[in-house]
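> quick one, structure for this:
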Amino acid sequence: MDDAVLRSLVKWPNVPAAYGWLALDRRGNWSIKGERIANRTVIDFIGRNYSCDARGRWFFQNGPQRVFVSLAYTPYVVRTEPSADGLLLRTHTGALLEPGSAWLDDSGNLLLGIGDAVAVVHDQDLGEALDCLRRAVGAPLTDAELEAMLNNDNLPGDLVLALGGVVRPLGRVAASAVARRFGFDPNPRPDPGEPEC
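As a prediction, this is how the structure comes out:
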């Protein structure tokens, strides 16, 4: 977090949290009360001060005030970037990502583990990322195999995702179970009696 934010927390420790104001969509766009944030300075400030509490509630620390985020799907959205070593992955907050695990959901979205968190690959970059699917023996999937896999709940047991020189087994997860599986609250609300802004 920014030093100024940390100093403000010390100076004003009891500012009520805000709920229902800030949202993150499936493409990594921030919005306040339904209005998309377009100012790059504001977007970068939110990204630097974005975190999660012990209860799995994602928030933006705006000075002394914690602004909880409503998530359209996952806490992070990932874009791909070509590089000499293959694809690089960058979160919507600007951080380079080295995923520890990979899953396909039942809607064909590719999810990547980031420590204890999870990211969805941006829909415009999904094709490039799916091109990195391989059989464990290294053979790429044909278009017919990929289509059959995306339309079937069962994944071949030897399917892996090869990104950045690292090979990860690919699992399956239901979209409806993602928040529970990764321990986050997609729609934080105040506790009964909790003051809020």
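> retrieve the pLDDT associated with Leu6.
On pLDDT, Leu6 comes in at 65.
> domain ranges for the protein?
As given by automatic domain parsing, the domain ranges for the chain are 3-72, 76-181.
> need the ones you listed in TSV (columns: distance to Pro188 and mean neighbour count).
Every C-beta, even on glycine, is put in place using the N, C-alpha and C of the backbone. Output for the domains of the chain, formatted as TSV (distance: least, Cβ to Cβ, whole Å; neighbours: other Cβ atoms under 10 Å):
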stretch	distance to Pro188	mean neighbour count
domain 3-72	4	15
domain 76-181	11	16
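> who wins for proximity to Glu196 among these?
For the domains of the chain, the distance to Glu196 is smallest for domain 3-72, at 5.2 Å, taking Cβ to Cβ.
> what is the end-to-end distance of the closest one?
By Cα to Cα, to the nearest Å, the extent of domain 3-72 from end to end equals 29 Å.
> and if you look at stretch 178-191?
End-to-end distance for stretch 178-191, by Cα to Cα: 23 Å.
> got any ranges where this protein has weak pLDDT?
Residues of the chain meeting the criterion pLDDT under 70: 1-2, 4-13, 152-156, 164.
> centroid residue for it?
Tyr76 (1.8 Å; Cα atoms, centre = their mean).
> that one and Arg90 touch, don't they?
No - the criterion here is Cβ atoms under 8 Å, and Tyr76 misses it with Arg90 at 10.1 Å.
> identify the contacts common to those two.
By Cβ atoms under 8 Å, 6 or more residues apart in numbering, Tyr76 and Arg90 have these common neighbours: Leu97.
> what about the residue nearest to Arg135 when sequence neighbours are not counted, distance to Gly138?
Counting by Cβ to Cβ, 6 or more residues apart in numbering, the nearest residue to Arg135 once its immediate chain neighbours are dropped is Asp158, at 5.3 Å. Applying Cβ to Cβ, to the nearest Å, the value for Asp158 to Gly138 is 10 Å.
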